[in-house]
Each structure stands twice: as C-alpha cells, then as structure tokens.
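Asker: Could you look at this predicted model? Sequence included:
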Amino acid sequence: MKRLLLLLLAALALPAAVNAEKNIFYSTKEDLMTDITKVNIDLLSETTVLNSIGQEAQARIGIRCNGNKLNTYIKTPTYNADNLEVQLRWDKNEPKIAYWNYSVDGTAYFPYPRVTDNELKFHKSFIKNMRNHESLVFGWSPYSTAKKAVKFDLKKLKI
C-alpha cells in the first residue's frame, strides 16, 4: 500500500495545467487532525453521453487513497438505480459482462460484487488492468433508458 501511495504521490508532480489538458486531475490533501494524506486521481472519459437531463457529459474513473484505504470507481453522468450489470472492453478485446456494486446515489459503480469480504483485491485488480491496457470502454444501463458506453484513454493515467 505504501508503494502505491508513493506512486500516486509521484504522479502528482506533473503540472496541473498539463493534467487538465489530458482530462486527468490529481489532488492531495493532508488531514491536519490525523496527519493522513488523501490522494485523489480522476480520469475523464474521451467520449460523452447524454446525462439524466439530456446534456452531453463525461464519465470518470476515480482512484482514492485515504491513508491505507484504497477505493476505485466509475462515476457515470446518469442515474442508474440498482442496475449491477456493466460491460468492460479492454483495448480491442471482446467485451466482458461484470456485476459491480453501485453507489448509494445510483450514479457510480465500484469494481466488486455486492457481497464480498475483500473489496481491496477488486480495487487492486482494477488498477492492474488499467496499468496493463491502453483503453477501456465502459458500458452500463441507466434507469429507464437505453444502454450507454464511454471510452477512457488509459495511456493518460500514469500510476
């Protein structure tokens, strides 16, 4: 975990303006009460979809490291209710169906099943896949609308 935190902190050395042009954003914040450093990385999708109110919007991959706690997710611009099925297409490989957990507000997916006793292994596996591939097409089914998909350029994510 310390190695991952060091890699995340090293990635933060890039200038913010360059990161913004690449659709990738980094931030760090130290909690003054606990001395825990929080690292956030967000990668915006290269493509857009219509959000819940009919406007074009990007999805984003989020990576959060809060002390020794790791969290990854994909935030969609739509309301998804409790739909668990997502599609993942790494590079030009065949799409795979997976069943991910969803956020309380129904707008994000977490790369682990609803029932698990080890979320960390799923977060680590998702990060490993991002490191080993150049692109990800992520598909999902929003509430009461047709399936949607966005593409992420993982080459921009240096972790």
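Answerer: Looks like it came in fine.
Asker: hey, let's count contacts and neighbours off CA atoms from now on
Answerer: Will do.
Asker: which stretches of the protein form helices?
Answerer: 2-11, 16-21, 119-132 (DSSP state H).
Asker: Name the residues of stretch 27-35 that are buried.
Answerer: For stretch 27-35, a neighbour-count test (16 or more other Cα atoms under 10 Å) marks T28 as buried.
Asker: measure it end to end?
Answerer: With Cα to Cα, to the nearest Å as the measure, the ends of stretch 27-35 fall 16 Å from one another.
Asker: average pLDDT across it?
Answerer: Stretch 27-35 shows a mean pLDDT of 93 in the predicted model.
Asker: Okay, and the beta partners of the most centrally placed residue in the chain?
Answerer: Geometric centre of the chain, nearest residue: I61, 2.2 Å, by Cα atoms, centre = their mean. Here I61 sits in beta bridges with L43, I74, going by DSSP bridges.
Asker: likewise I97?
Answerer: Q87.
Asker: Quick check: it touching V86?
Answerer: Yes - applying Cα atoms under 8 Å, one finds I97 in contact with V86, separated by 5.8 Å.
Asker: Settle it for me: which of those two has more neighbours?
Answerer: The neighbour count for I97 versus V86, taken as other Cα atoms under 10 Å, is higher for V86 (21 against 13).
Asker: give the contact list for the residue nearest to the more buried one when sequence neighbours are not counted.
Answerer: Of all residues not flanking V86 in the chain, W140 sits nearest, at 4.7 Å (Cα to Cα, 6 or more residues apart in numbering). Contact analysis of W140 by Cα atoms under 8 Å, 6 or more residues apart in numbering lists E85, V86, Q87, K147, K148, A149.
Asker: Would you mind listing which of those residues are buried?
Answerer: Using 16+ other Cα under 10 Å, the buried ones in the contacts of W140 are V86, Q87, K148, A149.
Asker: wait, doesn't the last one sit right on P95?
Answerer: It stands for A149. No - using Cα under 8 Å as the test, A149 is too far from P95 to be in contact (11.4 Å).
Asker: In this protein, where is pLDDT below threshold?
Answerer: The chain contains residues with pLDDT under 70 at 1-21, 158-159.
Asker: swap the cut-off to 80 and go again
Answerer: With pLDDT under 80 as the threshold, the chain has low-confidence stretches at 1-22, 113-117, 158-159.
Asker: Could you export stretch 99-111 as CSV, CA atoms only?
Answerer: This file holds the C-alpha atoms of stretch 99-111, laid out as CSV (Å, rounded to 0.1, in the frame of the first residue of the first chain):
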residue,chain,number,x,y,z
TYR,A,99,-21.6,-7.3,-11.9
TRP,A,100,-20.4,-4.4,-9.9
ASN,A,101,-21.6,-2.7,-6.8
TYR,A,102,-23.4,0.6,-7.1
SER,A,103,-23.2,3.8,-5.1
VAL,A,104,-25.9,4.9,-2.7
ASP,A,105,-27.0,7.8,-5.0
GLY,A,106,-27.1,5.4,-8.0
THR,A,107,-24.6,7.2,-10.2
ALA,A,108,-21.3,5.3,-9.7
TYR,A,109,-20.1,1.7,-9.9
PHE,A,110,-17.5,0.0,-7.7
PRO,A,111,-15.4,-2.9,-9.2
